[in-house]
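Asks: Fold the following.
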Amino acid sequence: MKIPKQLITLTKEHHLSLSLANKAINAKKLGNETAICQLIIETFERDFSNHFIFEEQHILPLLKQHNQRDCQRIIDEHKRLLNLAKSINASNLLEFGELLKTHTRFEDRVLFKKISIDNLNKIPVHPIC
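Replies: Next comes the predicted model:
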């Protein structure tokens, strides 16, 4: 299925988030948490805050009427991911990686598919951050 132009940047950023999620999960499995934790502390909020804000301001309002529970889930997960990233360590790295992975996949595979064609045209093209 072709990705609508309004969602291309978001899906590219989702690819980056899945990569980060897999790195976190694999680092935990290998006992090599220090470097990835430092990377998450230094970059996650900077790299993903604008992404989260864009989704909350432009995507979720278009879905909220019929998908209130899903929209609240996204908002809650955004907050949880940002909080985990600020205090990331070996003990919560796996939780962070798994949440980032399931969150991203849910948006791509479920939530974005619920956006109607009419509503797609209301979404501005997300700038590359």
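
Asks: Could you use CA atoms for every contact and neighbour count after this?
Replies: Noted.

Asks: Relative to Ile36, how far out is Lys23?
Replies: 7 Å (Cα to Cα, to the nearest Å).

Asks: who's more crowded, the two?
Replies: Per other Cα atoms under 10 Å, whichever of Lys23 and Ile36 has more neighbours is Ile36, with 21 against 16.

Asks: ok, and the closest non-adjacent residue to that one?
Replies: Of all residues not flanking Ile36 in the chain, Ala24 sits nearest, at 6.3 Å (Cα to Cα, 6 or more residues apart in numbering).

Asks: Could I get the buried residue list for the helix or strand where His15 lies?
Replies: Taking DSSP states H and E as the criterion, the element that holds His15 is helix 8-30. By 16 or more other Cα atoms under 10 Å, the buried positions in helix 8-30 come out as 8-11, 13-15, 17-18, 20-28.

Asks: what does stretch 82-94 give?
Replies: Leu82, Leu84, Ala85, Lys86, Ile88, Asn89, Ala90, Leu93, Leu94.

Asks: CSV for those, including pLDDT and secondary structure?
Replies: Putting those into CSV (pLDDT from 0 to 100; DSSP: H, G, I helix; E, B strand; the rest coil) gives the following:
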residue, pLDDT, secondary structure
Leu82, 97, helix
Leu84, 98, helix
Ala85, 97, helix
Lys86, 96, helix
Ile88, 97, coil
Asn89, 97, coil
Ala90, 96, coil
Leu93, 98, helix
Leu94, 97, helix
